[in-house]
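Enquirer: give me the fold of what follows.
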Amino acid sequence: MLHFTLLVKQKERESQLINKSNDLLQALTTSILRCSIGASCISIKENKLSGDIVTLGEDMVWNPLQKKWICINCDNHYYKTEDQKKKLENLLKQGEEEERIFNEWFSKQIKHD
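Expert: Numbering: from 1, shown residues only. Coordinates of the predicted model:
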């Protein structure tokens, strides 16, 4: 019985550590310490450092359209021109519209069941 109790406690502890690890990774992903562009980040492409640390020394810019932090290199590359900003706005609006349509459809499906 003691062995079983230890196994249960060990599994609980592992679960707690996994949850904490996931929370920390999520916080890092959305923090000002990391460019939210991800693998397409210009700083990562131009630098030989790991993607996890390459933007730690970069200036960051708040992107109000995506509500995320991006490095200044990505901001200059992806969003500097008005044409690029318009394209992004249109893509985001399209995504929001698609999400709205899906949510309406899904709500109807739930009501029918």
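
Enquirer: ok but Trp62 is inside a strand, no?
Expert: Yes - if the criterion is DSSP: H, G, I helix; E, B strand; the rest coil, then Trp62 is within a strand.

Enquirer: that one contacts Asp75, correct?
Expert: No - contact between Trp62 and Asp75 fails when scored by CB atoms under 8 Å: they sit 9.5 Å apart. Every C-beta, even on glycine, is put in place using the N, C-alpha and C of the backbone.

Enquirer: neighbour count: these two, which is higher?
Expert: Neighbour count, other CB atoms under 10 Å: between Trp62 and Asp75, Asp75 has more, with 19 against 11.

Enquirer: only alpha carbons, please: show the least confident helix or strand in the chain by mean pLDDT as CSV.
Expert: Lowest by mean pLDDT, DSSP states H and E among the helices and strands of the chain is helix 42-46, with a mean of 74. Provided in CSV are the C-alpha atoms of helix 42-46 (Å, rounded to 0.1, in the frame of the first residue of the first chain):
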residue,chain,number,x,y,z
ILE,A,42,13.9,38.1,-39.1
SER,A,43,16.3,38.3,-36.1
ILE,A,44,16.4,34.5,-35.9
LYS,A,45,17.1,34.2,-39.6
GLU,A,46,19.9,36.8,-39.5
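
Enquirer: buried sites along that helix?
Expert: By 16 or more other CB atoms under 10 Å, the buried positions in helix 42-46 come out as Ile42, Ser43, Ile44.

Enquirer: for it, packing partners?
Expert: Using 3 or more CB pairs under 8 Å, 6 or more residues apart in numbering; DSSP states H and E as the contact test, the elements touching helix 42-46 are helix 72-79.
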